[in-house]
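Novice: Output the structure for:
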Amino acid sequence: MRRLQTSSTLPSGRSGTLVLACTISLLAGPALGTAYAEPGKPDPVGTEAGADKPGLEQVRRQIERLHDKAGSATDAYNAAEDAAKKQQKHIVKLAKRIDKTQGKLDELNKTAGAMARAQYRGGGMPDEAKLMLGEDPEKFLHGVSLARKGQHATRGFIGTLTKTRSTLQRYAKDATDEWKKLEKTRKKKAAAKKKITAQLKQAKKIESGLKKEERERLRQLEDEAAKARQAKWLESGVLKGLKGKASPAGRRAIEWATKQLGKDYVWGAEGPDTFDCSGLTMRAWEAAGEHIPRTSQEQWKQLPHVPVEKMRPGDLIIYKKDASHVGIYIGDGALLHAPRTGRQITVEGAGTMPILGVVRPDK
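Specialist: A predicted model of the protein is given here:
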C-alpha cells in the first residue's frame, strides 16, 4: 500500500487532522488482497432482477452522467448570474448618468428660454444693428467687443446644449441596449435552471426507485470506482517530484476551505452555509486575498495555467472537458471540493475525475 507522507502544507489543528485522516483513508489506494472493480465493469448484483432491468453499474454510470450534465448547466447558470449582476450594476450607473445629464439639460433649457425672452423684450433687433445705429463711436467700438464676446458665449452655450442632448440620447440608447442584454441573460439563466432541475429530478427518480440495499451497493460502487481511478492516477507516477509548498495565500485558502468540510453542496450557492464547486474555490481564495472568477470555466480561462507535475497545495484543479468542475489541491494527491447535489464538501483523491488542468490564482 502506498504510504502518504504527512505534509507541512496541510492545515494544522482539528480541521487539519480531519483532512489528513480523510486523505489517508481515501487516497492510500487498495490494500494488498483487496480487489476493486474497474470503473465500467458490470456489477453482478445489479443483473439479478432480469435482463430488462439495468445492472447497478449501468445505473451508477447513468446517474453520474446526469450529474455531469447538471454540473455543466450549473456553470452556465452561474455565468448568467454573474453577467446579470454586472449588467444590473451598469444599468444603475447609466440611470444615474441619465438623471444627472437630464438635470443639466433642464437648466440649459431654462437659460435658453431666458435668453429668448430677453431678445423678445428688446424688440427682436440684433445687437449688431443696435450698434450701427448708435451715435457715440467710442461706445460703438466698446459695444463691438461686447457683441463679439456675446456671440462667442452664445455659440458656446448652443454647443453645450447640443452636446448635452447628444450625451443624454447616447446614455438612453446604452441603457436600452443593456436592458436587452439583461433580458437575454435572464433567459439563459432560466434555461440553465430548467436543465439543472430536469437532470437532478431524473437522477433522483432513478435512485429512489432502488431498494435500500441497492442504494447502499450503489454508493459502494461509486466509492470503488473513485478509488480505482485514484489508484490508476497514482500509479502513473504523477506525484513523483512534486515538492512545491503552498504559498502563504494558498495556505490561507486551504485553511478557510477546510472549515467548510461537511457543508452541503447546493448548485448556484457561494456560501456561507452551502456551496457549489466554484463557489467554494472562489470564496476560499477571496478569504486568502485574491479575487478570482465565479465559474470553473472562467477560472480555467482567466487564471494562469500550471503543469500538473508542478502543482502545489492551494492550486485549483479543473476537471472534465468542459471545465465544469473544480476543487482545491491540498497536497499528497488529495482534493478538497464540493462534489455534487446530495453530497457534502469533502476530501478525496485528486485523480478520481478526469483532470483538464491546473490553475494558480496567486501566480
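Novice: Gln202 and Leu221, how far apart?
Specialist: 19 Å (Cβ to Cβ, to the nearest Å). C-beta coordinates here come from the backbone N, C-alpha and C atoms, glycine included.
Novice: The residue nearest the centre of the chain: which element?
Specialist: By Cα atoms, centre = their mean, the chain has its centre lying nearest to Arg294, at 1.8 Å. Arg294 belongs to no helix or strand when assigned by DSSP states H and E.
Novice: Give me the phi and psi for it.
Specialist: Torsion angles at Arg294 (phi, psi; degrees, to the nearest 10) stand at phi -70, psi -40.
Novice: Skipping adjacent residues, who's closest to it in space?
Specialist: Asp82 (4.5 Å; Cβ to Cβ, 6 or more residues apart in numbering).
Novice: so which helix or strand takes in that neighbour?
Specialist: Assigned by DSSP H and E, Asp82 falls in helix 56-121.
Novice: Output the contacting helices and strands for that helix.
Specialist: When contacts are defined as 3 or more Cβ pairs under 8 Å, 6 or more residues apart in numbering; DSSP states H and E, helix 56-121 sits against helix 137-208, helix 212-235, helix 277-287, helix 296-302.
Novice: picking that back up, which one of Gln202 and Leu221 has more residues nearby?
Specialist: Under the neighbour definition other Cβ atoms under 10 Å, Gln202 and Leu221 were set side by side, and Leu221 has more, 21 against 15.
Novice: okay but the more buried one is in contact with Gly55, surely?
Specialist: No - contact criterion Cβ atoms under 8 Å: Leu221 and Gly55 do not qualify, at 9.8 Å.
Novice: How about the contacts made by the residue nearest to the centre of the chain?
Specialist: Asn78, Ala79, Glu81, Asp82, Glu270, Ser278, Gly279, Met282 (Cβ atoms under 8 Å, 6 or more residues apart in numbering).
Novice: Let's have the residues you listed in JSON lines, adding pLDDT.
Specialist: Formatted as JSON lines, the contacts of Arg294 follow (pLDDT from 0 to 100):
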{"residue": "Asn78", "pLDDT": "93"}
{"residue": "Ala79", "pLDDT": "92"}
{"residue": "Glu81", "pLDDT": "93"}
{"residue": "Asp82", "pLDDT": "92"}
{"residue": "Glu270", "pLDDT": "95"}
{"residue": "Ser278", "pLDDT": "97"}
{"residue": "Gly279", "pLDDT": "97"}
{"residue": "Met282", "pLDDT": "98"}
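Novice: Give the burial count for Leu168, as a bare number.
Specialist: Leu168 has 17 nearby residues by other Cβ under 10 Å.
Novice: ok, and which of the helices and strands packed on helix 56-121 has the densest surroundings?
Specialist: Greatest average neighbour count among these goes to helix 277-287 (a mean of 25), per mean count of other Cβ atoms under 10 Å.
Novice: That concludes my questions; thank you for your assistance.
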